[in-house]
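S.K.: Sequence plus the predicted model coming up.
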Amino acid sequence: MSEAMLEKEFQELIYSNKDIQGSIVSLLNFPDSSKFEREIEFINGITSDFIIYDTNKEMKAILECKRADIGVTEYVRGVGQLFQYEYFQDEHISPRKHSDITYSSDCNNNALVIPSSFIKNTSLNIGRFRYPEHSVILEIHETNHHVRLIDENELKKLSDASKHDLITICQYYVRDTRIFEHYILLHFLKLLHEFKKDLNRRKIEKDYLIDINVINNGNWRNAFISLSSYGLIGRNSQLTNVAFSLMGLSVFEFINYVYRDYISPFIDEIMAILIDNVDAKTGVVSLNNREIAQKIRDKHNGRDILFLTDSDSRYISSWLNIMRDDIGCISFEPRKPERKINFTPSELTDEQRCKKIKEFSIAQKFINNYEGTKEKLVRKIIDGC
């Protein structure tokens, strides 16, 4: 999907892609048999982009789609549509040509659907709008077509970014964690779901994850947040349809997938600073975290970047650790400012990048640790059933 994709083309992608439809249904906890209908007219000449209903002809949701490059007026129009859809729900107003579709007593999750490039390609801030009580925002990734829910916490982060004049180059949140920890969590959740369907995050951490030897063992919360940001888990830590499609990836392929489709804007921004400041004789970059953050700000007229240079360079530290331990594109000793560049991820193909990640990443050691504790974890799961 290109940044200039027309709204009709975006709608056609949703209409023709059963995986996207399945992901939307899964995220919204609708029955798997739910059906999509396109361009449905209601009263007053209002036409929705999609409706979703179940086999009993009960309305589950009304969807409004927006392309990436719209301005504030068009976005306000879309939000206004959501308020109208909530009115239809409250008053049980059926589509004009589908009077057999009715509303149940349950609240419908009407949704605004946007492409993943929306947030970085528009000057408006979606966190600074009021939305109907029973509505959600869904994002469809333009490369891999994965769907995720943009929740209240993310909207608040985006709102705060606007208040503090931050630049948004990427909306995906990763901090104080490693990508191989996300991979381990993903596979453990699959294992857990084979035995238990509903467990809250804190109980999963307390009862099981504490036994898995990883770098951030006491901070699994951020791994859950990251998986949600990738669209791989939904409510109640349930795996999405997309998550199951990734189970066959090696940890190195998964790290490449996350870099390519989600976090490359942050990694590439830091890599550019390191490359510009490498010593030609030694091949070493001597910059501490604060100096790296300041040089990035200097490139952006002194402004901070959300999830990169804000929070007193703590994000810089987190990204550098991912670049060293997961991707392996740089090497450095803890608490020392000297960094050695091993390779530049953006210059490589997927195949080349996976080979380099396998060569320099420390991920495999922790995957082996997890495999070694899996039997113990299974026994704990069975004993707790």
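M.R.: Received, thanks.
S.K.: who touches residue 269 in this structure?
M.R.: 169, 296, 305, 308 (C-beta atoms under 8 Å, 6 or more residues apart in numbering). Heads up, the C-betas are built off the backbone N, CA and C, glycines and all.
S.K.: Quick one: which of the residues you listed is the most crowded by neighbours?
M.R.: residue 308 (26 neighbours; other C-beta atoms under 10 Å).
S.K.: Quick one: residues contacting it.
M.R.: Applying C-beta under 8 Å, 6+ apart, we find residue 308 in contact with 169, 266, 269, 270, 293, 296, 315, 316, 319.
S.K.: pLDDT at the fourth one, what is it?
M.R.: As predicted, residue 270 sits at a pLDDT of 98.
S.K.: Would you list the phi and psi of it?
M.R.: phi -70, psi -40 (degrees, to the nearest 10).
S.K.: what separates it from residue 183, distance-wise?
M.R.: Residue 270 sits at a distance of 22 Å from residue 183 (criterion: C-beta to C-beta, to the nearest Å).
S.K.: got the domain boundaries for the protein?
M.R.: With domains defined by automatic domain parsing, the chain comprises 7-162, 164-385.
S.K.: would you turn the contacts of residue 308 into JSON lines with distance to residue 79 and secondary structure?
M.R.: Below are the contacts of residue 308 laid out as JSON lines (distance: C-beta to C-beta, whole Å; DSSP: H, G, I helix; E, B strand; the rest coil):
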{"residue": "169", "distance to residue 79": "24", "secondary structure": "coil"}
{"residue": "266", "distance to residue 79": "29", "secondary structure": "helix"}
{"residue": "269", "distance to residue 79": "31", "secondary structure": "helix"}
{"residue": "270", "distance to residue 79": "35", "secondary structure": "helix"}
{"residue": "293", "distance to residue 79": "35", "secondary structure": "helix"}
{"residue": "296", "distance to residue 79": "33", "secondary structure": "helix"}
{"residue": "315", "distance to residue 79": "30", "secondary structure": "helix"}
{"residue": "316", "distance to residue 79": "35", "secondary structure": "helix"}
{"residue": "319", "distance to residue 79": "33", "secondary structure": "helix"}
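S.K.: Counting neighbours, go ahead and name the busier of residue 270 and residue 183.
M.R.: Per other C-beta under 10 Å, whichever of residue 270 and residue 183 has more neighbours is residue 183, with 27 against 24.
S.K.: if I read this right, the more buried one contacts residue 363, doesn't it?
M.R.: Yes. Counting by C-beta atoms under 8 Å, residue 183 touches residue 363, with 7.5 Å between them.
S.K.: who touches both of those two?
M.R.: Common contacts of residue 183 and residue 363 (C-beta under 8 Å, 6+ apart): 251, 255.
S.K.: May I have the worst-scoring helix or strand of the chain on mean pLDDT exported as CSV, CA atoms only?
M.R.: None of the helices or strands of the chain scores lower by mean pLDDT, DSSP states H and E than helix 118-121, at a mean of 84. Extracted in CSV, the C-alpha atoms of helix 118-121 (Å, rounded to 0.1, in the frame of the first residue of the first chain):
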residue,chain,number,x,y,z
PHE,A,118,-1.6,7.8,9.0
ILE,A,119,0.0,9.0,12.2
LYS,A,120,3.4,10.1,10.7
ASN,A,121,1.9,11.5,7.5
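S.K.: Now it: buried residues?
M.R.: 118, 119 (16 or more other C-beta atoms under 10 Å).
S.K.: Likewise for stretch 345-362?
M.R.: Across stretch 345-362, burial judged by 16+ other C-beta under 10 Å covers 345, 348, 353, 354, 356, 357, 358, 360, 361.
S.K.: Who are the contact partners of the first one?
M.R.: Contacts were defined as C-beta under 8 Å, 6+ apart; by that measure residue 345 touches 259, 264, 267, 268, 271, 327, 329, 353, 356.
S.K.: now these: which count as buried?
M.R.: Among these, the ones that count as buried (16+ other C-beta under 10 Å) are 259, 264, 267, 271, 327, 329, 353, 356.
S.K.: What is the nearest of those to residue 46?
M.R.: Of all the buried ones among the contacts of residue 345, residue 46 sits closest to residue 264, with 39.5 Å by C-beta to C-beta.
S.K.: can you list the residues that contact the host helix or strand of residue 368?
M.R.: Using DSSP states H and E, residue 368 maps to helix 363-384. Residues outside helix 363-384 that contact it (C-beta under 8 Å, 6+ apart): 178-181, 183-184, 187-188, 191-192, 195-196, 207-208, 211-215, 251-252, 255, 325-326, 357-358.
S.K.: Next: stretch 222-233.
M.R.: In contact with stretch 222-233 (C-beta under 8 Å, 6+ apart) are residues 23, 139, 141, 146-149, 151, 154, 171-177, 181-182, 185-186, 189, 201, 216, 234, 237, 239-240, 242-243, 246, 258, 262.
S.K.: Now that we have these, which of them are buried?
M.R.: Buried among the contacts of stretch 222-233 (16+ other C-beta under 10 Å): 23, 139, 141, 146-149, 154, 171-175, 177, 181-182, 185-186, 189, 201, 234, 237, 239-240, 242-243, 246, 258, 262.
S.K.: Can you flag which of these belong to helices?
M.R.: Among those, DSSP state H puts 23, 154, 181, 182, 185, 186, 189, 201, 242, 243, 258 in helices.
S.K.: between those residues, which is closest to residue 76?
M.R.: The closest of these, once distances to residue 76 are taken by C-beta to C-beta, is residue 154, at 20.0 Å.
S.K.: shouldn't the closest one be in contact with residue 172?
M.R.: No. Using C-beta under 8 Å, residue 154 makes no contact with residue 172, being 9.7 Å away.
S.K.: where in the stretch 151-300 of the chain is pLDDT low?
M.R.: Scanning the stretch 151-300 of the chain for pLDDT under 70 picks out 197-198.
S.K.: mind listing the strands for the protein?
M.R.: For the chain, strands defined by DSSP state E occupy the ranges 35-41, 47-53, 58-65, 102-103, 110-115, 135-140, 147-150, 284-286, 330-331, 338-341.
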